[in-house]
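1. Dropping the sequence and predicted coords here.
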Amino acid sequence: MTLRALRGIASVTAAGTGLLLVYGAVYAMEGMTTRIPMNPLHELGITTLWTLPLTILFCSGLSDFGTVTKQAWVFWLGVILALALLYYFERNTSSSILTKTAMPLLATAGGLMPHIIRRIGFVFTVFSLAAGIAGLLVFYFALTSYLSGSSFATKSIEFVVLAFGTASLITGVLSVAFLSRRHIEPV
């Protein structure tokens with residue numbers, strides 16, 4: 001249970017910092033004078049696909065919390081908070097009304113699928129492993145830019161990037177440990 005609780009904390013942290021990074025880039029580009037014209041459905045699809053992996057990772061952590069506490073309301077309260085967070089972030093963008101209203105629902109519904117349909121529960125593990133690989137990549141690029149003499153724009157961006165990398169790497173490592181432990185001990 002300790003591995004599952006730690007993986008839940010790391011997954012939620014990685015997803016939260018990942019959402020901060022994604023929306024930070026979106027907010028940074030809002031001031032650009034040129035905007036590529038896009039069909040609202042196309043915009044909805046792209047935005048949902050960018051947000052879906054982080055939502056799945058978030059729901060994976062929430063599922064771990066629900067399993068550890070043995071309380072279903074922990075998972076569902078977390079899902080409601082994730083949905084509220086997505087709506088909060090999306091309201092400050094210049095996205096179309098369709099994207100602002102439908103994207104948080106679609107991304108959250110996609111994140112819920114492995115929890116609702118137990119047969120595809122392996123998706124949580126796959127996304128946790130992918131987060132670990134993303135954490136390695138973040139550390140690689142951060143290290144190469146640090147060694148080349150460049151730095152982050154602000155200390156807060158540096159903190160969020162390194163928090164995302166650390167939490168993602170921990171999520172991946174704990175998923176591997178959880179999988180190896182599960183194959184050794186019968187469930």
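-> Nice, I can see it.
2. Please enumerate the strands of this structure.
-> Remark: no strands are assigned in the chain by DSSP state E.
3. would you list every one of the helices in it?
-> Secondary structure of the chain (DSSP state H): helices at 2-29, 40-69, 72-90, 97-116, 122-147, 155-184.
4. so can I have JSON lines of those showing mean pLDDT and mean neighbour count?
-> Every residue, glycine included, has its C-beta placed from N, CA and C. Written out in JSON lines, the entries for the helices of the chain read as follows (pLDDT from 0 to 100; neighbours: other C-beta atoms under 10 Å):
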{"stretch": "helix 2-29", "mean pLDDT": "85", "mean neighbour count": "19"}
{"stretch": "helix 40-69", "mean pLDDT": "90", "mean neighbour count": "21"}
{"stretch": "helix 72-90", "mean pLDDT": "92", "mean neighbour count": "16"}
{"stretch": "helix 97-116", "mean pLDDT": "91", "mean neighbour count": "18"}
{"stretch": "helix 122-147", "mean pLDDT": "90", "mean neighbour count": "17"}
{"stretch": "helix 155-184", "mean pLDDT": "86", "mean neighbour count": "17"}
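5. Report the contact partners of residue 22.
-> 50, 51, 54 (C-beta atoms under 8 Å, 6 or more residues apart in numbering).
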